[in-house]
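>>> Provide a 3D model corresponding to the input given below.
(2 chains)
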Amino acid sequence: DAGVIQSPRHEVTEMGQEVTLRCKPISGHNSLFWYRQTMMRGLELLIYFNNNVPIDDSGMPEDRFSAKMPNASFSTLKIQPSEPRDSAVYFCASNRGTSDSNEQFFGPGTRLTVL
Amino acid sequence: KNEVEQSPQNLTAQEGEFITINCSYSVGISALHWLQQHPGGGIVSLFMLSSGKKKHGRLIATINIQEKHSSLHITASHPRDSAVYICAVGDFGNEKLTFGTGTRLTIIP
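Residues are numbered from 1 along each chain as shown, chains lettered A, B, ... in the order given. Model prediction:
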């Protein structure tokens, strides 16, 4: 199994540009999570999906952020327009979701730098 | 919202030493996770536990539900154990995790 796949691994962009991060969860996993990690705030949940449906997006910082999961094998996190304070490492994770906590498998992350 | 605190924030030890990292939380949880983040940035799940104790090789995790406290122990520590160790707790009825700020462990040969 290839594990959780994220692309790109690194992204450098200028303020105001649109950024799209992509994630392919592990086959058979039905929950998908987007996290952001910064030095100041550590790891934070942005949004998670179960069976392709957004369950909790309370961590999405503002309207500039949006996430979609059109099918069980693909999700995107979009930032439009991007700002320097969005610079962070964005992780995607997946698991066999149930009503409570289960072990999560993390992707390698996308390091985003907004100039 | 659960508050998760880890201690110490940084820990440096000699190879072979017994290591203990602590995690406390403020509200009842469905499970507690210990994660390891390597210097290259990748995150790996080490343990998920809701009671008692679990052991994988040289790593042992314990949890005391009444005291809302967990510990991660490493026996016979090795330089390859150098990493950031992160505690995370799960809510009841959903899959949200709240994370501690991590403990940076450095093992010196």
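>>> So the residue in chain B positioned nearest to chain A versus A:Phe33, what's the distance?
When distances are taken as Cβ to the nearest Cβ, chain B reaches nearest to chain A at B:Gly90, 2.8 Å away. C-betas here are computed from N, CA, C, even on glycine. Between B:Gly90 and A:Phe33 the distance is 12 Å, computed by Cβ to Cβ, to the nearest Å.
>>> which one of the two has more residues nearby?
Under the neighbour definition other Cβ atoms under 10 Å in any protein chain shown, B:Gly90 and A:Phe33 were set side by side, and A:Phe33 has more, 30 against 22.
>>> sorry, back to before: what is the residue of chain B closest to chain A paired to in the beta sheet?
Counting by DSSP bridges, B:Gly90 forms beta bridges with B:Ala31, B:Leu97.
>>> hang on, isn't it packed against B:Leu97?
Yes - counting by Cβ atoms under 8 Å, a contact exists between B:Gly90 and B:Leu97, whose distance comes to 5.6 Å.
>>> got a list of what A:Phe49 touches?
Contacts of A:Phe49 were listed using Cβ atoms under 8 Å, 6 or more residues apart in numbering or on different chains, and they are A:Ser31, A:Leu32, A:Phe33, A:Ile55, A:Ala67, A:Met69, A:Ser75.
>>> Go ahead and flag the most central residue of chain A.
A:Trp34 (2.9 Å; Cα atoms, centre = their mean).
>>> can you dump the C-alpha coordinates of the helix or strand hosting that one into CSV?
For A:Trp34, the host element (DSSP states H and E) is strand A:31-38. Provided in CSV are the C-alpha atoms of strand A:31-38 (Å, rounded to 0.1, in the frame of the first residue of the first chain):
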residue,chain,number,x,y,z
SER,A,31,-12.4,9.3,6.8
LEU,A,32,-10.0,12.0,5.6
PHE,A,33,-8.5,14.8,7.6
TRP,A,34,-6.7,18.1,6.7
TYR,A,35,-4.3,19.5,9.3
ARG,A,36,-2.1,22.6,9.4
GLN,A,37,1.1,22.7,11.4
THR,A,38,3.0,25.9,12.3
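>>> State the mean pLDDT of it.
Average pLDDT, strand A:31-38: 96.
>>> contact partners of it?
Strand A:31-38 is contacted by residues A:23, A:25, A:43-50, A:67, A:69, A:75, A:77, A:87-97, A:102, A:104, A:109, B:95, B:97 when judged by Cβ under 8 Å, 6+ apart.
>>> Now which of those would you call buried?
A:23, A:25, A:43-50, A:67, A:69, A:75, A:77, A:87-95, A:97, A:102, A:104, A:109, B:95, B:97 (16 or more other Cβ atoms under 10 Å in any protein chain shown).
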